[in-house]
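Asker: I'll drop the sequence and a predicted model, then ask my questions.
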Amino acid sequence: MRRIALPLFLFLALIALIPLAAQTKPDALLLYRQGRELETAGKTAEAQAKYSESVAICDAELATDARRMDAYAVKCWSLFRLGRHAEVIATGQSALKLQFDARIAEAMGESYYFLGQMNECLRYLGKYIESVPDTADRVPTAYFFMGEAYLRLKKYSHADIAYSTAVAKEPSMPRWWYRLGQTCELLGEWKRAYDAYSKALSLSPAMAEALAARDRVKPQAGL
């Protein structure tokens, strides 16, 4: 049978259409990531629009497949960035009735913190840490929020452990070192407090509260 060759211009036109076809399906995770980039650049309104669009796509996916855990996870992340923490909890609870997902538990733990429910924050972050490798991306942040929760519950020794773990895993966060310094100060561990405040300042020299705190504890630290 004789083969019919396509004209070159028609062949090239068909090739050009392939990427367009691949892009027709909206990608909720891509939109979420674009939102994070915009938020980092200070473009808050544009970022929120991306997050809202991501939520809508996740809802459409879940309407088709109510067991799609990736859609639940991305929806929780996008709702979190929108500050809709009660909806993060409601979405997460629906998902976890189907199966446990560490990503969702972690997002719920952080949202419980912002809702002022410290015991639930600790419970869900604890579930996350227990179920993922020690090297998982959100482990340092989970420990930081555990420190925040313990600090608000006035469980200072627990907060010390959580903050110390957070900065050991991610030592480049000045706010985390500052919180560790505050906790050490509350425990009367003046030298450790001084060192933590100094570390915060080494990372963020303009951090006024850390400078004032370091000056405050310097005499007690014997320096």
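Answerer: Thanks, I have the structure now. Treat the numbers as computed from the prediction; the structure is a model and nothing was measured.
Asker: Please make it C-alpha for all contacts and neighbour counts, starting now.
Answerer: Fine.
Asker: V88: neighbouring residues, count only.
Answerer: Per other CA atoms under 10 Å, the neighbour tally for V88 reads 27.
Asker: now K127
Answerer: 16.
Asker: Nearest residue to it in space, please, no chain neighbours.
Answerer: A105 (7.0 Å; CA to CA, 6 or more residues apart in numbering).
Asker: What pLDDT is listed against G116?
Answerer: Here the pLDDT value assigned to G116 is 98.
Asker: contacting residues for D160?
Answerer: Applying CA atoms under 8 Å, 6 or more residues apart in numbering to D160 gives the contacts 147, 180, 183-184.
Asker: Now rank those by neighbours and give me the top one.
Answerer: L180 (31 neighbours).
Asker: Check which element follows the helix or strand containing that residue along the chain.
Answerer: L180 belongs to helix 174-186 when assigned by DSSP states H and E. Sequence-wise, the next helix or strand downstream of helix 174-186 (DSSP H and E) is helix 190-203.
Asker: Pull the residues that contact the helix or strand following that next one.
Answerer: On the C-terminal side of helix 190-203, the closest following helix or strand by DSSP H and E is helix 208-217. Helix 208-217 is contacted from outside by 178, 185, 190-191, 193-194, 197-198, 200-201, using CA under 8 Å, 6+ apart.
Asker: Where do the helices of this structure begin and end?
Answerer: Assigned helices in the chain, in chain order: 8-22, 28-40, 44-64, 69-81, 85-98, 102-114, 118-131, 139-152, 156-169, 174-186, 190-203, 208-217 (criterion: DSSP state H).
Asker: which parts of the fifth one are buried?
Answerer: Pointing back at helix 85-98 there. 85-89, 91-93, 95 (16 or more other CA atoms under 10 Å).
Asker: need the contact list for the closest residue to R152 other than its chain neighbours.
Answerer: Excluding the flanking residues, the one nearest R152 by CA to CA, 6+ apart is M118, at 7.8 Å. M118 makes contact with 112, 149-150, 152-153, according to CA under 8 Å, 6+ apart.
Asker: Please report the distance of M118 from Y178.
Answerer: Distance, M118 to Y178, using CA to CA, to the nearest Å: 20 Å.
Asker: what bits of the protein have low per-residue confidence?
Answerer: Residue ranges of the chain with pLDDT under 70: 1-25.
Asker: A162 contacts T141, doesn't it?
Answerer: No. A162 lies out of contact with T141 (CA atoms under 8 Å); the separation is 10.1 Å.
Asker: out of these two, which sits in the more crowded spot?
Answerer: Higher neighbour count among A162 and T141: A162, with 24 against 20, using other CA under 10 Å.
Asker: tell me the contacts of that one?
Answerer: 143-144, 146-147.
Asker: can you do 10 Å?
Answerer: Residues near A162 by CA atoms under 10 Å, 6 or more residues apart in numbering: 140, 142-151, 156, 168, 180.
Asker: again with K155
Answerer: Going by CA under 10 Å, 6+ apart, the list of residues near K155 reads 147, 149, 183.
Asker: neighbours of the second one, just the number please.
Answerer: So that's A149. Neighbours of A149 (other CA under 10 Å): 26.
Asker: That one touches Y124, doesn't it?
Answerer: No. At 11.9 Å, A149 does not count as touching Y124 under the criterion of CA atoms under 10 Å.
Asker: what do these two both touch?
Answerer: With CA under 10 Å, 6+ apart as the test, A149 and Y124 both reach 110, 112.
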